[in-house]
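dropping a prediction and its sequence here:
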Amino acid sequence: MLRSKFMQLSEVYLGMGEPALSELLRSISLGRLKTFQLYERLKVRLYLNKLNSETLRRSSVRLWPRLKEGDEDLATELAQAILICNLNMIVSVLNFLEIPHEEGFFAKDLDASKYLTEGWQQRVYDKFKDEYPPQTLLFYINHLDWEMTQSETVFTA
């Protein structure tokens, strides 16, 4: 899918800032990555010989410049890892917005416009900010907005 005239996924990370990237990396569960068979793919994409909690945390310094350069493959792999590791939050948000899904996954051709009404980002943030890590919640709000509405702005609460 070409998205050249729309905001790129890497711009979501950039709009949230470098400290947010570090927080997002901390939300990644290596066990979940292995369960969903994403462990090796992420290790290769991050250019790491060994993937563990420590190397993942320290990798943000090297990942930030790549995101600034617009490495969309990296942005996509990271997003997949972050989201898979936070499926409980995704299910809660989708249920709150009444978006049809199966265990956090919805049809790619879903027209979400009737669910994502004016101010939905703030409503979701206000509802879940004390329940889930704020940076992870903000990332999902922005990812959902980017994916469903091709948003050109980053929501920062």
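Cool, the structure landed. Numbers count the residues shown, from 1 in each chain.

and Val12, how many neighbours?
Neighbours of Val12 under the rule other CB atoms under 10 Å: 24. Placement of C-beta: from N, CA and C, glycine included.

which SSE is it in?
helix 9-16 (DSSP states H and E).

centre of the chain to that helix, how far?
10 Å (CA atoms, centre = their mean, to the nearest Å).

same check on stretch 22-37?
From the chain centre to the centre of stretch 22-37 is a distance of 12 Å (CA atoms, centre = their mean).

outside of stretch 105-123 itself, list whatever touches it.
94, 97-100, 141, 144-145, 148-149, 155, 157 (CB atoms under 8 Å, 6 or more residues apart in numbering).

make a markdown table from those residues and add distance to Gln37, secondary structure and pLDDT to it.
Formatted as a markdown table, the contacts of stretch 105-123 follow (distance: CB to CB, whole Å; DSSP: H, G, I helix; E, B strand; the rest coil; pLDDT from 0 to 100):
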| residue | distance to Gln37 | secondary structure | pLDDT |
| --- | --- | --- | --- |
| Leu94 | 23 | helix | 96 |
| Leu97 | 28 | helix | 96 |
| Glu98 | 31 | coil | 94 |
| Ile99 | 26 | coil | 93 |
| Pro100 | 26 | coil | 93 |
| Ile141 | 27 | helix | 97 |
| Leu144 | 24 | helix | 94 |
| Asp145 | 28 | helix | 93 |
| Met148 | 26 | helix | 88 |
| Thr149 | 30 | helix | 85 |
| Phe155 | 31 | coil | 94 |
| Ala157 | 33 | coil | 85 |
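
what residues does stretch 131-142 touch?
Here stretch 131-142 makes contact (CB under 8 Å, 6+ apart) with 12, 15-16, 20, 23-24, 27, 79, 82-83, 86, 89-90, 92-93, 121, 124-125, 128-129, 151, 154-157.

now do Leu63 against Leu30, distance only.
Distance of Leu63 to Leu30, computed by CB to CB, to the nearest Å: 17 Å.

so, low pLDDT: which residues of this structure?
1-6 (pLDDT under 70).

per-domain residue ranges of it.
Per automatic domain parsing, the structural domains of the chain span 9-84, 87-149.

the helices in this structure, which residues?
9-16, 18-26, 30-35, 39-45, 53-58, 60-68, 72-84, 87-97, 120-128, 134-149 (DSSP state H).

redo those helices as JSON lines? Include distance to Asp109.
Shown next, in JSON lines, are the helices of the chain (distance: least, CB to CB, whole Å):
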{"stretch": "helix 9-16", "distance to Asp109": "19"}
{"stretch": "helix 18-26", "distance to Asp109": "28"}
{"stretch": "helix 30-35", "distance to Asp109": "27"}
{"stretch": "helix 39-45", "distance to Asp109": "25"}
{"stretch": "helix 53-58", "distance to Asp109": "33"}
{"stretch": "helix 60-68", "distance to Asp109": "28"}
{"stretch": "helix 72-84", "distance to Asp109": "19"}
{"stretch": "helix 87-97", "distance to Asp109": "16"}
{"stretch": "helix 120-128", "distance to Asp109": "20"}
{"stretch": "helix 134-149", "distance to Asp109": "11"}
